[in-house]
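Visitor: no sequence for this one, just the structure:
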């Protein structure tokens with residue numbers, strides 16, 4: 001029983017670490033910047049986009065390269081374009 005509980009706790013802890021940030025809640029997207037417009041703005045800023053999508057947590061999610069050609073994973077607020085989370089590989 002102890003091993004089962006330990007395994008359950010470890011799985012629960014690791015699942016939270018993989019989840020992205022929550023930018024918005026609910027289904028109302030009326031105030032969101034349109035996805036195509038948002039993506040074009042990122043291209044205009046010099047990002048190279050490999051994947052750009054709406055995350056399950058209400059963010060826009062970018063996988064690609066920044067202006068310094070560093071690989072990035074960035075979560076943006078879809079209404080304000082604020083960066084919620086950013087990971088940069090050297």
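Guide: Cool, the structure landed. Since the structure is predicted, the reported quantities are computational estimates derived from the model, not experimental observations.

Visitor: three-state assignment of the spatially most central residue of the chain?
Guide: Centroid-nearest residue in the chain: residue 75, 3.2 Å away (criterion: CA atoms, centre = their mean). Secondary structure, DSSP: H, G, I helix; E, B strand; the rest coil: residue 75 is strand.

Visitor: do the same with the one 4 residues further on
Guide: Under the three-state scheme (three-state DSSP), the conformation of residue 79 reads as coil.

Visitor: and the residue nearest to it when sequence neighbours are not counted, how far from residue 69?
Guide: Nearest residue to residue 79, sequence neighbours excluded (CB to CB, 6 or more residues apart in numbering): residue 31, at 4.8 Å. Where you see a C-beta, it was placed from the backbone N, CA and C, and this is true even at glycine. Residue 31 sits 33 Å away from residue 69, taking CB to CB, to the nearest Å as the criterion.

Visitor: just to revisit the earlier point, residue 87 is in contact with the residue nearest to the centre of the chain, correct?
Guide: No - look at residue 75 against residue 87 with CB atoms under 8 Å: they stay out of range, at 9.2 Å.

Visitor: quick one on the thing from earlier: residues in contact with the residue nearest to the centre of the chain?
Guide: Residue 75 makes contacts with 20-21, 23, 55, 57, 59-62, 83-86, as judged by CB atoms under 8 Å, 6 or more residues apart in numbering.
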